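>>> Sequence first, then the predicted structure:
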Amino acid sequence: MSTKIVLYLVSHASGELVEMLARNAVTQLAGVEVKRHLWKAVRHLDQVPEILGALASAPGYLLHSISHSDVREALEEGCRRLAIPYQFALEPLLGQLAEYSGAEVQVHNSSRDVFDEDYYRRVEAMKYTLAHDDGIGSEDLDGADVIVVGVSRATKTPTCMYLASRGIKAANVPLVPGAPPPVGLLQANGPLVVGLTVDPVRLATVRAARLSALKDDANIDYADLDGLRREVLEARRLFIRRGWPIIDASHRSIEQTASMIIEMLRKRAEGR
């Protein structure tokens, strides 16, 4: 029986290095079936949220060859916050060669030579979104442009990452069964609050896959269909009581859901 893993390969160039390393490593692992995702020419900060959104949607292992310090820091910080294991492709070889030779490692400090207002806006949005993912910082959410609320695995994190790549500060607040919503969420006045809902049957499939990937056999209630129906219903009732717009993400892509939120923000800014 094979073990299935998701392998994310992120390269600053053609991707040949990370692909070669991954291919050679996997061939030496018995009974491993790999699904690969490759990003090439990743050189700018505003490319990072898309990658993190994919990681949040389907966790796996990340191997990268990003040497630019700002992009690497953002990518690795996002992995740490999402509890995604990662590896810089040139380590530990680079560190060992530097120690052996006594040479200093040259760090590429910036991914760009030109910085414009839009670039800084995207960077700040990404930093905010990473700092307010999965309920983090939910005691104060007034700095957000939008707060995305929903039950676990309702695609909140990847949607927020996509919004961040468009320069929108998006906070992600999960609803926990049997627990009241965070006070900071209910007291937030400035941000647009959007409720994400999802079909319980589809949600059960997603959560079961998540438990399988984590090899977690103890939390069977997490994917129990009857419990999910109650959980989704309670979430929808909260959205209606609070007057928050609702998006059914069951059969929508991350881009479609995010586009609907962007349109809501545009109409809100126009006073409609």
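Yep, it's here.
>>> Please report the distance of Leu52 from Ala171.
15 Å (CB to CB, to the nearest Å). Backbone N, C-alpha and C define where each C-beta goes, glycine included.
>>> Now do the contacts for the nearest residue to Ile84 once chain neighbours are set aside.
Computed as CB to CB, 6 or more residues apart in numbering, the closest residue to Ile84 that is not its neighbour in sequence is Leu55, at 5.1 Å. When contacts are counted by CB atoms under 8 Å, 6 or more residues apart in numbering, Leu55 touches Tyr8, Leu62, Gly78, Cys79, Leu82, Ile84.
>>> So for Leu55, what's the pLDDT?
If you check Leu55, the pLDDT there is 87.
>>> One more: Ser110?
pLDDT at Ser110 comes out at 55.
>>> Over to the one 3 residues further on?
Looking at Asp113, its pLDDT reads 46.
>>> Pull the contacting residues for Asp217.
Per CB under 8 Å, 6+ apart, neighbours of Asp217: Leu211.
>>> distance of it from Tyr119?
Distance from Asp217 to Tyr119, by CB to CB: 46 Å.
>>> so which strand or helix has the residue nearest to Ile84?
Per DSSP states H and E: Leu55 is located in helix 48-57.
>>> list the buried ones in that helix?
Applying a neighbour-count criterion of 16 or more other CB atoms under 10 Å, one finds Val48, Pro49, Glu50, Ile51, Leu52, Gly53, Ala54, Leu55, Ala56 buried in helix 48-57.
>>> these two touch, right, the second one and Thr159?
Going back to what we said before, that points to Pro49. No. If you go by CB atoms under 8 Å, Pro49 and Thr159 don't touch, sitting 10.7 Å apart.
>>> Pull the residues that contact the longest helix along the chain.
In the chain, with assignment by DSSP state H, the single longest helix is helix 225-242. Residues outside helix 225-242 that contact it (CB under 8 Å, 6+ apart) are 149-151, 175, 177, 181, 186, 193, 195, 197-201, 203-204, 207, 221, 245-246.
>>> Just the ones of those in strands?
Here DSSP state E is the test, and these give Val149, Gly150, Val193, Gly195, Thr197, Ile246 as lying in strands.
>>> Max pairwise distance over these: which two?
Val193 and Thr197 (13.6 Å; CB to CB).
>>> about what we covered before: most neighbours among the contacts of Leu55, which one?
The most crowded member of the contacts of Leu55, judged by other CB atoms under 10 Å, is Leu62 (27 neighbours).
>>> Beta-bridge partners for that residue, please?
Tyr8, Tyr86 (DSSP bridges).
>>> any weak-confidence spans in the stretch 151-272 of the chain?
Within the stretch 151-272 of the chain, the stretches with pLDDT under 70 are 218, 272.
>>> So which residues of the protein form helices?
Assigned by DSSP H, the helices in the chain fall at 16-26, 48-57, 69-81, 93-101, 117-131, 156-165, 183-187, 200-214, 225-242, 254-269.
>>> for the ones you listed, which one sits closest to Glu139?
Per CB to CB, nearest to Glu139 of the helices of the chain: helix 183-187, 4.4 Å.
>>> give the contact list for Val206.
By CB under 8 Å, 6+ apart, the neighbours of Val206 are Arg153.
>>> what does Leu63 give?
Contacts for Leu63 (CB under 8 Å, 6+ apart) come out as Leu7, Tyr8, Leu9, Val10, Val18, Leu21, Ala22, Tyr86, Gln87, Ala89.
>>> Cheers, nothing more for now.
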